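Student: give me coordinates for this.
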Amino acid sequence: MRELLTRLAPAAVALCLLLSGCAQTASARPFQTGDAQTLLDSGAFSEPMEEIDQSLACGTLYQIDGATVTDCAVYTTLTAGAEELAILVLADEEAAQAALTALEQRVADQKAALENYQPDEVGKLDNAILERRENTVLLLVPADASAAQAAVEGLS
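Tutor: Numbers count the residues shown, from 1 in each chain. Predicted coordinates:
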């Protein structure tokens, strides 16, 4: 019996590695602006969300070069709270990395701005989802972190 287990162990390890590799490949699908509606409908947000146009999002909210953004879907709360959703499609992976850095800075800036003004909102920023997939980036600041994570996982 021991000899049989010794022979099967490498095959079991190989199978686990193969399956985990497939899961990673499946989750690597770039984000699409159409995914915004799925995320909005996920129950992750507690506040009404309003769409923001590309020039305002790139210039005012994120300080991203708008010329590198080929498409976007950006939503923020009407109440000046922390909840936010941004899907940016960029010209290339280098621009996507720069955008991710800008979105990380946005979260840090929002934390600093809201900690005295709306301290209850800071917890939402602590649960922010920031992710880059190829030439796309996602920023998701939800009220319900578990619903948001499940929705993002469902996009792959």
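
Student: run through the helices of the chain in chain order.
Tutor: 2-26, 35-40, 54-56, 93-117, 122-126, 145-154 (DSSP state H).

Student: tell me the pLDDT at the residue nearest the centre of the chain?
Tutor: Nearest to the mean C-alpha position of the chain, by Cα atoms, centre = their mean, lies Leu138 at 3.4 Å. Confidence at Leu138, expressed as pLDDT, is 98.

Student: please apply the same query to Ser20.
Tutor: At Ser20, pLDDT is 35.

Student: same question, the one 4 residues further on
Tutor: Reading off the confidence values, Gln24 has pLDDT 38.

Student: comparing the helices of the chain by mean pLDDT, which bottoms out?
Tutor: For those, where the average pLDDT is lowest is helix 2-26, sitting at a mean of 38.

Student: so what's Ile52 up against?
Tutor: 61, 74-76 (Cβ atoms under 8 Å, 6 or more residues apart in numbering). Heads up, the C-betas are built off the backbone N, CA and C, glycines and all.

Student: show me which pair in those is furthest apart.
Tutor: Maximum pairwise distance in the contacts of Ile52, criterion Cβ to Cβ, is 11.1 Å, between Leu61 and Tyr75.
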